[in-house]
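S.K.: For reference, the sequence and a predicted model appear below.
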Amino acid sequence: MSPGTRAAVLSGRVLPELVRVADVDPELLLTDFAHPDPELDRRLAEVEVLFTGWGCPLLDAAALERMPRLRAVVHAAGSVKHHVTDACWERRLLVSSAAAANAVPVAEYTLAAILFTNKRVLESAHAYRAARAPIDLLRRYPAVGNYRRTIGIVGASLIGRRVLELLRPFDLRVLVHDPYADPVELAALGAETCALDTLLRRSDVVSLHAPALPRTHHLLDASRLALMPDGATLVNTARGSLVDTAALTEELVAGRLHAVLDHTEPEVLPASSPLFSLPNVLLTPHIAGSLGGELDRLAATAVEELERYARGLGFRHPVDPTRLAYSA
């Protein structure tokens with residue numbers, strides 16, 4: 001992993017657990033598998049499990065050749081696509097990910113966004129700040145509130161399913177679009193499955209939880225954004241590439257839609273973008289995922305997986321290579 005990741009993820013609360021579970025040198029940090037070094041060759045030749053995080057170098061065939069005893073990769077973060085290659089699967093390595101742990105804060109952020117946006121919290125705050133006097137909220141927002149509003153979830157991913165679980169206590173109608181999901185399973189979570197265009201037409205809030213794939217690039221283009229009802233809100237905690245930014249900006253500048261955006265394309269918008277100052281947009285700098293103390297959950301999950309491996313047990317959160325073609 002990168003030095004910054006190590007400093008953030010392997011806190012003083014988690015590192016002692018890692019040392020307890022594994023025969024590990026806590027001072028050893030690998031950021032380059034290609035660097036020629038006899039001492040590094042010796043260390044890599046002994047490695048049975050890699051404990052990885054954000055910034056892990058590529059595990060290609062050349063890197064694996066230096067690790068003949070490697071049997072598993074335990075990733076203390078979400079997606080493994082940035083470092084686990086086909087060579088790992090050809091070697092039949094066991095791979096675990098802490099994606100389920102990272103889903104928790106993203107789903108919590110999403111729930112808060114849904115409840116706040118239906119109450120028009122952001123817009124009311126802007127109006128109140130500008131007026132500094134009583135404002136007629138019912139006149140401004142006659143449909144304000146969460147009671148029996150319709151929420152559309154695009155992608156029944158780990159995060160999407162966690163959002164479904166969090167939405168269950170509320171008086172909301174929930175729609176889901178995911179071509180790979182089991183409708184019976186989603187019905188058990190209180191959701192109705194439907195086509196994407198139907199979901200967009202019917203939803204007061206649309207929340208994106210699909211992976212960034214070639215076929216999901218600009219999944220919400222101008223024509224699909226136009227399907228959303230006037231006053232509807234788009235929440236994006238997934239990837240900016242799922243949305244046509246130019247088309248969305250037009251809708252938001254016109255005031256027809258609202259948005260809560262934790263991801264955009266580009267990841268950091270130009271300083272001139274109107275999205276920074278629109279009253280109907282909440283723009284956050286990629287904060288929905290694990291931060292601060294939440295990183296302990298990622299590391300603790302990875303250490304638990306490592307302990308299961310040491311005991312000869314299967315991973316609780318294995319990565320299935322057959323699902324990577326349509327998952328994050």
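M.R.: Here it is on my side, so go on. Numbering: from 1, shown residues only.
S.K.: in stretch 20-31, what counts as buried?
M.R.: V21, A22, L30 (16 or more other Cβ atoms under 10 Å). (C-beta placed from N, C-alpha, C; glycine too.)
S.K.: Please identify which of those residues is nearest to R71.
M.R.: Lowest distance from R71 to the buried residues of stretch 20-31 (Cβ to Cβ) belongs to A22, with 13.0 Å.
S.K.: Report the separation between the closest one and L298.
M.R.: For A22, the distance to L298 equals 17 Å [Cβ to Cβ, to the nearest Å].
S.K.: do V104 as well
M.R.: Taken as Cβ to Cβ, the span from V104 to L298 is 10 Å.
S.K.: Give the residues shared as contacts by these two.
M.R.: S290 (Cβ atoms under 8 Å, 6 or more residues apart in numbering).
S.K.: Quick one: the helices in this protein, in order.
M.R.: Assigned by DSSP state H, the chain shows helices spanning 3-9, 15-21, 38-46, 61-65, 86-90, 99-118, 121-131, 137-140, 158-167, 183-188, 196-202, 222-225, 245-253, 295-310.
S.K.: packing partners for the fifth one?
M.R.: With contacts defined as 3 or more Cβ pairs under 8 Å, 6 or more residues apart in numbering; DSSP states H and E, helix 86-90 has these neighbours: helix 61-65.
S.K.: How far away from the center of its chain is the helix it packs on?
M.R.: Offset of helix 61-65 from its chain centre (Cα atoms, centre = their mean, to the nearest Å): 29 Å.
S.K.: now the lowest-mean-pLDDT helix or strand in the chain, how far from the centre of its chain.
M.R.: Across the helices and strands of the chain, mean confidence by mean pLDDT, DSSP states H and E is lowest for helix 137-140: a mean of 86. Remark: helix 137-140 is offset 35 Å from the chain centroid, using Cα atoms, centre = their mean.
S.K.: and it, which residues are buried?
M.R.: In terms of neighbour count (16+ other Cβ under 10 Å), helix 137-140 has no buried residues at all.
S.K.: Touching it from outside, list them.
M.R.: Against helix 137-140 from outside (Cβ under 8 Å, 6+ apart): R120, E123, S124, A127, V144.
S.K.: re the thing from before, of V104 and L298, who's got more company?
M.R.: L298 (29 against 19; other Cβ atoms under 10 Å).
S.K.: For the more buried one, list the residues it contacts.
M.R.: Taking Cβ under 8 Å, 6+ apart, we find L298 in contact with V9, G53, A76, A77, A98, A101, N102, S290.
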